[in-house]
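J.: Structure of the sequence below:
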Amino acid sequence: MKKLVLIVLLIIPQWLLAQKFDLTIRAENLKVSDGKMFVAVFNVREQAVTQEVVDFKNRQFEYLIKGLEKGMYAVKIFVDTNRNKKLDTNLVGYPKEPFGLSNISGIIIAPPKFKQMLFELDQNKKISIFLHE
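T.: Modelled structure (predicted):
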């Protein structure tokens, strides 16, 4: 009996830690009809978990990322309008191309703190990110 209890106590925490969830990212205010969206997902330590380049059409963008571990994440996206594979900025550093950040939808005057972009992923989740121009 003691062995069974010990086995259960060892397996359950492992199962809880190994939980994986899906994240669906949707872009709002997409004014470009088609192109390439750069998507980057960061963990709480500001490390990139995934970076993808995804095609979109008809002013619609929705992308599914499968198998993320439970935790805190932030997402950055931008439309590469001139297809040079980088986010172009003006002289003061403000992006010239449509971009979006998780949890940031209002007017951006200064770069937001990373903590403001974080959200918890503890179940399958769908987020919408407002694209700023």
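J.: quick one: the helices in the chain?
T.: Ranges of helices within the chain are 2-17, 114-117, based on DSSP state H.
J.: From the contact counts, what lies against the last one?
T.: It refers to helix 114-117. strand 71-79 (3 or more CB pairs under 8 Å, 6 or more residues apart in numbering; DSSP states H and E). (Glycine included, C-beta is placed from N, CA and C.)
J.: Just give me the lowest mean pLDDT stretch among the helices of the chain.
T.: With a mean of 54, helix 2-17 has the lowest mean pLDDT of the helices of the chain.
J.: which residues does Phe114 contact?
T.: Residues counted as contacts of Phe114 (CB atoms under 8 Å, 6 or more residues apart in numbering) are Phe42, Glu46, Ala74.
J.: Out of the residues you listed, who's the most crowded?
T.: Ala74 (22 neighbours; other CB atoms under 10 Å).
J.: pLDDT weak spots in this structure?
T.: Scanning the chain for pLDDT under 70 picks out the ranges 1-18.
J.: Fine by me, we can end here.
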